[in-house]
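> Pasting a predicted model and its sequence here:
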Amino acid sequence: MTRYAVLHGPRSGRRGAGAVGAVVVARLRAAGQQVTEIEAATREAAQTVCRRAVEEGVETLVAVGGDGVVQIAANALAGSSTALGIVPAGTGNDNARSLDIPLKTDAAVQTLLTGVRRPVDLIHVSPYDLHVVGSVPCGLDALIASRASTLPRWLGAQSYTVATVPEIIRLRPMDYRLELDGQVLETRALVVAVCNMPIYGGGMRIAPEADPGDGLLDVIIIEAVGAAAAVQLLKGVFSGRHAEHPAVRIERAATVSVAGPQLTAYGDGDPIGPLPVDCTVVPAALEVMVPLR
Ligand SMILES: Nc1ncnc2c1ncn2[C@@H]1O[C@H](COP(=O)(O)OP(=O)(O)OP(=O)(O)O)[C@@H](O)[C@H]1O
């Protein structure tokens, strides 16, 4: 028997993840597991109840929701022996996609019961003292994440693609000063994304070669291009073929500083805070339950 704590996101997906959370709790109990349901009305309260569950020694903390709920759970258990379980019930669910965790509830619960623990890195973001699981968009992609959050929920994962269109029309390259393991890189770019996971934006394979367990961050830089090339890049980003375009540069580093534009960096689909940010990989910061392959 395994001890689980199950957290659901009250604002995840179209209707909140409460109903999916109840199914997860019922299935785990039916399988003979010991389950505590944890609930919270705010992000901060969710963080506190998750920390308490970890201190009390739950073996798996299950995040039922989208990438925001996954981030809350990951921050609470990083560095502990508690594993992270993910049952996707959000909009993008990009961390689950990146880790090959099934999007269907039954299969995701099965992964909790019969999967294996996979060591996964996190991105520590200063000065905000936050751990991000997936990626930190710092350019056009951050503007798209911001716009997507204002669109109707029924759009689901499509909201990121829909939000891209007006941002491509208003295309504004920005001047960046990056530092990759101390090496300065100055560039005029549309997109700067610091990635632990390959996928963001509701299924966009932005960093096709990113390995969440390699102890390094992939930095995707899309240099200034016109609207026609931007549309081509958008078409290729779902398969990862955009990476072959000459305007796309991919670097790898353990520490990445991003400065320049006056915009808010995002992380796991939520705003973090204004640039500049310092991103540092935390190797094998947690273990995630993934399907046995
Ligand atoms: N207990 C909670 N109380 C209040 N807000 C929460 C709580 N848990 C999560 N949130 C916030 O609710 C928002 C939506 O949650 P979440 O990110 O899980 O769903 P989503 O946005 O639909 O999915 P995705 O991030 O995968 O696109 C996020 O900003 C998240 O930080």
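That came in fine, so what should we check first? Numbering: from 1, shown residues only.

> CA atoms for contacts and neighbours, from now on please.
Noted.

> and the closest residue to Val35 other than its chain neighbours, what does it touch?
Once flanking residues are discounted, Val35 sits nearest to Tyr4: 4.8 Å by CA to CA, 6 or more residues apart in numbering. Taking CA atoms under 8 Å, 6 or more residues apart in numbering, we find Tyr4 in contact with 33-36, 58-62.

> redo that, cut-off 6 Å
35, 58, 60-61 (CA atoms under 6 Å, 6 or more residues apart in numbering).

> Leu190 now?
139-140, 173, 222-224.

> Can you tell me which of these are buried?
Among these, the ones that count as buried by 16 or more other CA atoms under 10 Å are 139-140, 173, 222-224.

> quick one: which of those residues is nearest to Ala157?
Relative to Ala157, the closest of the buried ones among the contacts of Leu190 is Leu140; by CA to CA it sits at 17.7 Å.

> is the ligand contacted by the helix-or-strand element of the chain with minimal mean pLDDT?
Ranked by mean pLDDT, DSSP states H and E, the helix or strand of the chain with the weakest confidence is helix 158-169, at a mean of 86. No - under the criterion of CA under 6 Å from any ligand atom, the ligand is not reached by helix 158-169; the shortest gap measures 8.7 Å.

> Please list the outside residues in contact with the next helix or strand after that helix.
Once helix 158-169 ends, the next helix or strand along the chain (criterion: DSSP states H and E) is strand 174-180. Contact with strand 174-180 is made by 184-189, 253, 255-260, as judged by CA under 6 Å, 6+ apart.

> Output stretch 153-173 as CSV, restricted to C-alpha atoms.
Once non-C-alpha atoms are left out, stretch 153-173 reads as follows in CSV (Å, rounded to 0.1, in the frame of the first residue of the first chain):
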residue,chain,number,x,y,z
ARG,A,153,-11.7,28.4,-21.2
TRP,A,154,-13.7,26.3,-23.7
LEU,A,155,-10.8,26.8,-26.2
GLY,A,156,-8.7,24.4,-24.1
ALA,A,157,-5.2,23.8,-25.4
GLN,A,158,-6.1,25.7,-28.6
SER,A,159,-6.1,29.0,-26.6
TYR,A,160,-2.3,29.2,-27.0
THR,A,161,-2.5,28.9,-30.8
VAL,A,162,-5.4,31.4,-31.0
ALA,A,163,-3.4,33.8,-28.8
THR,A,164,-0.4,33.5,-31.2
VAL,A,165,-2.2,35.1,-34.2
PRO,A,166,-2.6,38.7,-32.9
GLU,A,167,1.0,38.5,-31.5
ILE,A,168,2.4,37.5,-34.9
ILE,A,169,0.5,40.4,-36.5
ARG,A,170,2.1,42.9,-34.0
LEU,A,171,5.5,41.2,-34.3
ARG,A,172,8.0,43.1,-32.2
PRO,A,173,11.6,41.9,-32.0
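
> So for that stretch, what gets flagged as buried?
153, 156-161, 163-164, 167-168, 171-173.

> Redo those residues as a markdown table? Include distance to Gly16.
A markdown table is the format used below for these (distance: CA to CA, whole Å):
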| residue | distance to Gly16 |
| --- | --- |
| Arg153 | 10 |
| Gly156 | 12 |
| Ala157 | 15 |
| Gln158 | 17 |
| Ser159 | 16 |
| Tyr160 | 18 |
| Thr161 | 21 |
| Ala163 | 21 |
| Thr164 | 24 |
| Glu167 | 28 |
| Ile168 | 30 |
| Leu171 | 33 |
| Arg172 | 34 |
| Pro173 | 36 |
